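[1] here is a sequence together with a model predicted from it:
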Amino acid sequence: MSEEMSYQVIKLIEQDPEISQRELSKKLGVSLGKVNYCLRALMDKGWVKAKNFKNSQHKFAYRYAITPQGVQQRASLTVSFLKRKLVEHEELQREIESLRSEVQKIAGEGERLEQ
């Protein structure tokens with residue numbers, strides 16, 4: 001399981017501890033099986049706990065809780081996620097500048113051809 005997936009699952013559980021695996025699947029854009037696998041991995045690591053509770057819409061559902069260790073790991077994952085996104089942002093900025101230069105060069109050549 002990727003760090004990004006761990007980060008996203010923990011973040012969504014913090015926002016809504018009663019979120020279903022089906023809702024997690026939709027929000028994350030992954031299969032229900034993958035969500036189940038991720039939750040089990042997070043529980044095995046001790047970062048998330050699940051408790052059964054009665055819900056009027058479903059016979060039984062789970063309420064997820066982020067453990068103190070999970071909170072620490074989320075902080076670490078957030079820093080790591082932010083660093084990765086900043087690198088991606090810088091790479092995109094360089095690519096955009098390169099494309100702008102290419103467009104200006106092509107536009108300049110087009111003007112010369114018209115003359």
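    That came through fine. Residues are numbered from 1 along each chain as shown.
[2] now the helices for this structure?
    Assigned by DSSP state H, the chain shows helices spanning 3-15, 21-28, 32-45, 68-114.
[3] show me the one of these that comes nearest Ala61.
    Ala61 sits nearest to helix 21-28 of all the helices of the chain, at 9.6 Å, using Cβ to Cβ. Where you see a C-beta, it was placed from the backbone N, CA and C, and this is true even at glycine.
[4] next, the contact list for the residue nearest to Arg74 when sequence neighbours are not counted, please.
    Leaving out its chain neighbours, the residue that sits closest to Arg74 by Cβ to Cβ, 6 or more residues apart in numbering is Ile10, at 4.8 Å. The contact partners of Ile10, taken as Cβ atoms under 8 Å, 6 or more residues apart in numbering, are 42, 47-48, 66, 70, 73-74, 77.
[5] also Ala41?
    Contacts were defined as Cβ under 8 Å, 6+ apart; by that measure Ala41 touches 1, 6.
[6] list the buried ones in the lowest-mean-pLDDT helix or strand in the chain?
    Ranking every helix and strand in the chain by mean pLDDT, DSSP states H and E puts strand 48-53 at the bottom, with a mean of 84. Of the residues in strand 48-53, those buried by neighbour count under the rule 16 or more other Cβ atoms under 10 Å are 48, 50.
[7] any chance you could list what contacts that strand?
    Applying Cβ under 8 Å, 6+ apart, the contact partners of strand 48-53 are 9-10, 13, 18, 39, 42-43, 60-67, 70.
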